[in-house]
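A.B. asks: this one's structure only:
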RNA sequence: GCCCCUGUAGCUCAGUAGGAUAGAGCGGCGGUUUCCUAAACCGUAGGCCACACGUUCGAAUCGUGUCAGGGGCGCCA
């Protein structure tokens, strides 16, 4: 047994993070090329091999360089190979193949050491902390408080939360924000709809207004309102009371819906906070740049000169009655965000927002500078969800009463884990068919269970052992000598790639990559499990080594499930 | 008419800052359990990456065009 001090020494010699390893290889190769050819060389890229039979890492920089240097790409690759082979303890082999590919195999010792570290300390430490010391604001859902959340909001809620968690995994400090319009006409319609239901309860006749809300939920609010306040409420005299009551009820409804998925926000930002000061200030900025003009018929009506900023049409931003259209407070809201000085702002909207998003982004670019906006604001537009039940499309109409709510969906599927996982298996900009039967099936058709089952299997093994921490094999040479199977080695190779792939997913703001990684790890683990018995009473050494590998897998699965917000179950 | 997204295996989808033989799950076919959870594993079949042209040493990936599907084009949000 090595002492802690010795172990640390070994680690400092051998265990570099996956990122460091690749960066050192790249710069050594670049330096060698500069030395050899006596000219500037663009950075060399070390990438994961597309096909593991070629090796663990690959580099194709020799080929694009061949034209510039007027050399055979294989000759260039050879220079690069010589620069690194036998110089890095993390490497096993380096070879030049095909037209000029450089293939690199990682050493068993390095992989074993990585595995041991992952087993004892987890893998999250190896995810490059790109966001360390930086703050991000993620805005999502942002549905107006007029009724329950729909399936579309559900996708957005899950997406926004996963993006937030992914950024957190990469070291960012994330604030989740929900913006809602409480000053617009929608709230008045809602109040009037409630008043109509209230009056109907009392036998009076009052129609739900044009564009109002017909959902059954408003009937129950009306009943509650009657219980609380009696029969004597007057419309429109007590309009504010109706509006506040409806708004509050809607908010409770929405936050309950979000709770079903385990999603919470750090801040709910109300449009009314921006009116009038922030909006007036924003209009002032636009006026200074002569980007607005008054309507020829009505001086109070204000237009935004979007067509002069490269957008197709000018738009009204203030109506005759002094109220604002959607775009104006949204611009003010984003100016507020920029004033709060986040390093990154992410907006998540449904694809129906495409035009307004572009308008707002364009205006921000004019007011704040295009570079500032493009470097710190990322807008993600997700496509809609089609619900399918047994091959048949489920009709979803946003018309009154006939829409599928988030709550219905979660209840029918029966599990927030499944909803989250399945929504996150497709990229945001892809249309999604969500099959309710597959989602509700508790069998092998459901990909969530495949991953969770791998975790539960490991938990089952660990329950049968005691003092598992003390059994972790931290000496890489010993670990390597015990884990000799191909599946064991492949599993270690796979685990080593995970931190950088998680990091890449975070940079791209693409949480859909995580379910793929999870399935890959689970598959490799299930294969290993089937072919190698972990607990072998006759062989303590081997048991300890395989437990170490299991612990590393466990940590990897756990960290990635956490990013998706999906439970890692001890038992299934 | 204009704008956005999509078209990859029977189905649902990954893969697109160009790279070597295009991947997975489900479904199909054939196997595996005295042993840590068979919600698992192993094997096998299945593709003109919508189509055409172009750029390139090299294209599912980039460009142009065509076709097909979804969505959006309010003084709603």
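C.D. replies: All right, it came through fine. This one's a predicted model, so the numbers in the text were calculated from it and none came from an experiment.
A.B. asks: which regions of chain A lie under the pLDDT threshold?
C.D. replies: Along chain A, segments meeting pLDDT under 70 span A:1-14, A:390-391, A:395-403, A:467-470.
A.B. asks: Domain map for it?
C.D. replies: What automatic domain parsing lists as the domains of chain A is A:4-106, A:139-179+A:265-382, A:185-260, A:444-564.
A.B. asks: Would you tell me whether the shortest one gets close to RNA strand B?
C.D. replies: Yes - using C-beta under 7 Å from any atom of the strand, domain A:185-260 reaches RNA strand B at A:185, A:186, A:211. All C-beta atoms are positioned from the backbone trio N, CA, C, and that covers glycine.
A.B. asks: so of those, which ones are in helices?
C.D. replies: Counting by DSSP state H, the residues of domain A:185-260 next to RNA strand B place A:185, A:186 in helices.
A.B. asks: By neighbours, which of the residues of domain A:185-260 next to RNA strand B wins?
C.D. replies: Most neighbours among the residues of domain A:185-260 next to RNA strand B, by other C-beta atoms under 10 Å: residue A:186, with 18 neighbours.
A.B. asks: That one and residue A:418, how far apart?
C.D. replies: 32 Å (C-beta to C-beta, to the nearest Å).
A.B. asks: Also residue A:122?
C.D. replies: For residue A:122, the distance to residue A:418 equals 26 Å [C-beta to C-beta].
A.B. asks: So for the two, which sits in the more crowded spot?
C.D. replies: residue A:418 (22 against 17).
A.B. asks: Who are the contact partners of the more buried one?
C.D. replies: A:439, A:440, A:446, A:448 (C-beta atoms under 8 Å, 6 or more residues apart in numbering).
A.B. asks: near RNA strand B, from those residues?
C.D. replies: Among the contacts of residue A:418, the residues lying close to RNA strand B (C-beta under 7 Å from any atom of the strand) are residue A:446.
A.B. asks: For the contacts of residue A:418, please prepare a markdown table with the additional fields neighbour count and distance to residue A:154.
C.D. replies: Below are the contacts of residue A:418 laid out as a markdown table (neighbours: other C-beta atoms under 10 Å; distance: C-beta to C-beta, whole Å):
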| residue | neighbour count | distance to residue A:154 |
| --- | --- | --- |
| A:439 | 23 | 12 |
| A:440 | 14 | 15 |
| A:446 | 18 | 18 |
| A:448 | 23 | 16 |
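A.B. asks: Closest one of the contacts of residue A:418 to RNA strand B?
C.D. replies: Checking those against RNA strand B with C-beta to the nearest atom of the strand, the nearest one is residue A:446 at 6.9 Å.
A.B. asks: wait, residue A:114 sits on residue A:492?
C.D. replies: Yes - counting by C-beta atoms under 8 Å, residue A:492 is a contact partner of residue A:114 at 7.1 Å.
A.B. asks: can you map out the strands along the stretch 301-450 of chain A?
C.D. replies: A:302-304, A:315-318, A:344-350, A:377-382, A:385-389, A:392-393, A:432-435 (DSSP state E, counting those that start in this stretch).
A.B. asks: picking up where we left off before, quick one: which two of the contacts of residue A:418 are the most distant?
C.D. replies: Distance extremes for the contacts of residue A:418: the farthest pair is A:440 and A:448 at 11.5 Å, using C-beta to C-beta.
A.B. asks: State which one residue of the stretch 51-200 of chain A is found closest to RNA strand B.
C.D. replies: For the stretch 51-200 of chain A and RNA strand B, the shortest gap (C-beta to the nearest atom of the strand) falls at residue A:181, measuring 2.6 Å.
A.B. asks: Tally up the residues packed near the closest residue to that residue other than its chain neighbours, please.
C.D. replies: Distances taken as C-beta to C-beta, 6 or more residues apart in numbering put residue A:271 closest to residue A:181, at 4.5 Å, once the chain neighbours are dropped. Neighbour count of residue A:271, defined by other C-beta under 10 Å: 22.
A.B. asks: Same check on residue A:413?
C.D. replies: 20.
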